[in-house]
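Participant: Sequence plus the predicted model coming up.
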Amino acid sequence: MEQKIKLKKIEFVTHNVLRLLTEKPEGFTFKPGQATMMAIDKDGLRDEKRPFTFTNLPDDDELEFTIKVYPSHNGMTEHLPNLKVGDQLIVGDVWGAINYQGQGSFIAGGAGVTPFIAILKDLLQKDQLEGNKLFFANSEAKDIIYKNNLEAWLGEDLHCILSDEEHEAYAKGYISQKFLEKHNLDVNKNVYLCGPQPMMDAVKTDLFAMGLPKSHLVTEDGH
């Protein structure tokens with residue numbers, strides 16, 4: 001079922017990532033890690049629906065979306081920075097297979113971290129964050145979404161790696177078996193994986209080579 005919601009706040013949280021705060025329809029529920037299809041309620045854009053993950057908690061009074069903007073993609077996200085408070089968005093039903101199933105490691109590439117933001121917030125609120133790690137791959141340090149929050153929440157259990165920048169605080173390269181083993185990823189616990197498809201395919205190969213049972217892997221597509 002589609003519903004219209006008003007935009008209450010819009011701001012950039014990195015150079016190319018927007019945070020949107022919107023109204024929350026009455027009775028609207030979801031689990032941390034889930035998403036919805038969303039469109040802008042304007043002529044020519046209502047059919048441009050895209051999937052976006054909630055980054056707020058289910059009990060919050062507002063909905064929050066953390067969205068990477070791709071100006072060159074000629075799609076919905078290029079119009080998002082032009083939105084103003086009071087503009088309307090259209091949201092559909094809630095969906096998504098990523099939800100917390102117990103302690104383990106979260107592995108994210110770029111905007112793939114958004115389902116994990118809500119899950120980590122939820123665990124923080126419940127005082128259950130300890131024992132979980134986040135491996136987070138980005139191109140450059142400026143791309144790390146909610147860097148300060150993640151550092152505050154996870155401390156030494158946050159492991160960032162950058163593919164395109166030498167940085168004194170972070171490793172250089174891609175998430176690999178060597179990187180995961182160095183930071184003690186435990187294949188006896190759950191692994192939550194979200195990111196661009198090529199990255200996910202490569203990481204899955206490494207995880208299975210490390211001995212991770214397929215039953216311990218949680219992804220959006222379920223395999």
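Facilitator: Yep, that arrived.
Participant: Beyond the lowest-mean-pLDDT helix or strand in the chain, next helix or strand please.
Facilitator: Comparing helices and strands within the chain by mean pLDDT, DSSP states H and E singles out strand 50-53 as the least confident, with a mean of 93. Using DSSP states H and E, the helix or strand that follows strand 50-53 in sequence is strand 63-68.
Participant: Report the rounded mean pLDDT for that next one.
Facilitator: For strand 63-68, the mean pLDDT works out to 96.
Participant: Please state the offset of it from the chain centre?
Facilitator: From the chain centre to the centre of strand 63-68 is a distance of 9 Å (Cα atoms, centre = their mean, to the nearest Å).
Participant: Just list what that strand packs against, helices and strands only.
Facilitator: strand 17-22, strand 50-53, helix 114-125 (3 or more Cβ pairs under 8 Å, 6 or more residues apart in numbering; DSSP states H and E). Using the backbone N, CA and C atoms, a C-beta is placed for each residue, glycine as well.
Participant: 6 Å - rerun?
Facilitator: Counting by 3 or more Cβ pairs under 6 Å, 6 or more residues apart in numbering; DSSP states H and E, the packing neighbours recorded for strand 63-68 are strand 17-22.
Participant: Let's see the strand it packs on as PDB, backbone CA atoms only.
Facilitator: C-alpha atoms of strand 17-22 as PDB (Å, rounded to 0.1, in the frame of the first residue of the first chain):
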ATOM      1  CA  VAL A  17      25.000  11.200   1.100                       C
ATOM      2  CA  LEU A  18      21.700  12.800   2.200                       C
ATOM      3  CA  ARG A  19      19.800  12.300   5.400                       C
ATOM      4  CA  LEU A  20      16.100  12.700   5.000                       C
ATOM      5  CA  LEU A  21      13.700  13.000   8.000                       C
ATOM      6  CA  THR A  22      10.000  12.500   7.100                       C
END
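Participant: Okay, now the sheet partners of whichever helix or strand comes after it, with direction.
Facilitator: Downstream of strand 17-22, the first helix or strand assigned by DSSP H and E is strand 35-40. Using DSSP bridges, the strands paired with strand 35-40 in its sheet are strand 50-53 (antiparallel), strand 88-95 (antiparallel).
Participant: tell me how far strand 35-40 is from the chain's mean position?
Facilitator: That offset, for strand 35-40, works out to 15 Å (Cα atoms, centre = their mean).
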